[in-house]
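Participant: Task: produce atomic coordinates for the following.
(one chain, ligands or ions: 2)
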Amino acid sequence: MKRKIRKIRGASLGLSGLLLPLLMLTACENGLDSTASAYQTGFISMDTYISLTVYGGNREEAAKECQKEIKRLEGLFSVTDPDSEVTKINEARGKTVTVSEDTKAVIARALTTGEESGGALDITLRPVVAEWGFTTGEYKIPDSDVLERLLEKVDYRSVSLEGNSVTLPDGFQIDLGSAAKGYAGDRAVETLKACGVTSALVNLGGNVQTLGGKPDGSDWSVAVRSPFDESNLCVLKVRDKALVTSGNYERYFEDENGKRYHHIIDPADGYPADNGISSVTVIGESGLECDALSTALFVMGADRAAELWRERGGFEMLLVTDDKRIFITEGAFGSFSNLSDMEVTVIERRN
Ligand code: AMP
Ligand code: MG
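Facilitator: Ligands and ions are numbered 1, 2, ... in the order given. As a prediction, the model looks like this:
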């Protein structure tokens, strides 16, 4: 199989407009120490299938606690649950709402990433996301004048967060879907640690969170699935890391001509981000940070994503483009094995 690797420094990644495909992270279970038995469980929460693989003496109890914690967070962040904190914020009509430390942490990070990404991440996009039907599954292509009107009440800078007090201007609404699962992954790992677990893998439908290494001491192998078929694209070896993917395959619908409309919206125009990227995987310490970044970088496109990586640091990333190329930052390249015949470009830092 022919495999090409090239390296680039500051230059443009040479991507033109266009869009689409799909991708998924799955945990590779092969190669685990067969003497260490895992407790595995799965459940639906936060609109996704969540699986836990937990090792160690207290594994079953720890997994139960972990599940409880994720369900608790779902109760805070859901946009459809009438009792969630997010719903309270969205129905406050300009009044201040006092929120938990959890909701505060997610909003604070989302606002920071909104700033860092020049507004590519914007949690106030909720009315636009709803207009496309992505919250209910009743999809439609909105009229452009409707989108224009809705965008008048989209601006993350209008969200006031002071301590635990959140205030939105009347008519504004938030949606923490871009970062909530990442935070849940962090909390899941903290909960497992508090139960004495030192080796576990949490998979929240595309957000993978690893605690320690595998029970035999080696790194976890996390596969990134190809956006183009059912195969695995590559494997990343990690420990104590979050790997979060944003992809246009995760939620989408097609019109009668087969044109795909996916769920990651560009706040600049209210339409699905259309810049040649199929998926973005972000690797870092914090699931919350990786999740907020993955959505932002998807909207920003490859060149701006590479700029942010160089300027900001603190994370690594893997981009898959719709013309079937892989771009990976140099910090992640050492843990990367290509399983595909796609061209791989390593994004390097400037000297
Ligand atoms: P993710 O899968 O983490 O990339 O998050 C995507 C979800 O975040 C969507 O389903 C929407 O609910 C919401 N969303 C879509 N576009 C944006 C955006 N530009 N900024 C913030 N949230 C968004
Ligand atoms: Mg995200």
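Participant: Near ligand 1, which residues of the stretch 51-200 of the chain? Just list them.
Facilitator: Residues of the stretch 51-200 of the chain lying close to ligand 1 by CB under 6 Å from any ligand atom are L121, D122, I123, L125, V129, F134, D175, G177, S178. Bear in mind the C-beta positions are built from the backbone N, C-alpha and C, glycine included.
Participant: Between those residues, which sits nearest V97?
Facilitator: Nearest to V97 among these, counting by CB to CB, is I123 at 14.4 Å.
Participant: Mind putting the residues of the stretch 51-200 of the chain next to ligand 1 into CSV with secondary structure?
Facilitator: Listed next are those as CSV, based on DSSP: H, G, I helix; E, B strand; the rest coil:
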residue, secondary structure
L121, coil
D122, coil
I123, helix
L125, helix
V129, helix
F134, coil
D175, coil
G177, coil
S178, coil
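Participant: From the contact counts, what lies against the helix or strand hosting K104?
Facilitator: Here K104, judged by DSSP states H and E, is contained in helix 101-116. Applying 3 or more CB pairs under 8 Å, 6 or more residues apart in numbering; DSSP states H and E, one finds that helix 101-116 contacts helix 59-77, strand 160-162, strand 165-167, helix 180-194, helix 287-300.
Participant: Would you mind listing the buried residues in the third one?
Facilitator: When neighbours are counted by 16 or more other CB atoms under 10 Å, the buried residues of strand 165-167 are found to be V166, T167.
Participant: circling back to that earlier point, which of the residues of the stretch 51-200 of the chain next to ligand 1 sit farthest apart?
Facilitator: L121 and F134 (15.9 Å).
Participant: for ligand 2, what are the nearby residues on the stretch 51-200 of the chain?
Facilitator: S178 (CB under 5 Å from the ion).
Participant: where does the stretch 51-200 of the chain dip in pLDDT?
Facilitator: Low-confidence segments of the stretch 51-200 of the chain, defined by pLDDT under 70: none present.
Participant: Residue of it closest to ligand 2, please.
Facilitator: Of all residues in the stretch 51-200 of the chain, the one sitting closest to ligand 2 is S178 (4.3 Å; CB to the ion).
Participant: Next, count neighbours for that residue.
Facilitator: 28 (other CB atoms under 10 Å).
Participant: Hmm, it is touching I123, no?
Facilitator: Yes: between S178 and I123 there is a contact at 6.9 Å, judged by CB atoms under 8 Å.
Participant: List the contacts of I44.
Facilitator: Counting by CB atoms under 8 Å, 6 or more residues apart in numbering, I44 touches I50.
Participant: Report the strands that pair with the host helix or strand of it, each with its relative direction.
Facilitator: Per DSSP H and E: I44 is located in strand 39-45. Here strand 39-45 is paired, per DSSP bridges, with strand 48-54 (antiparallel).
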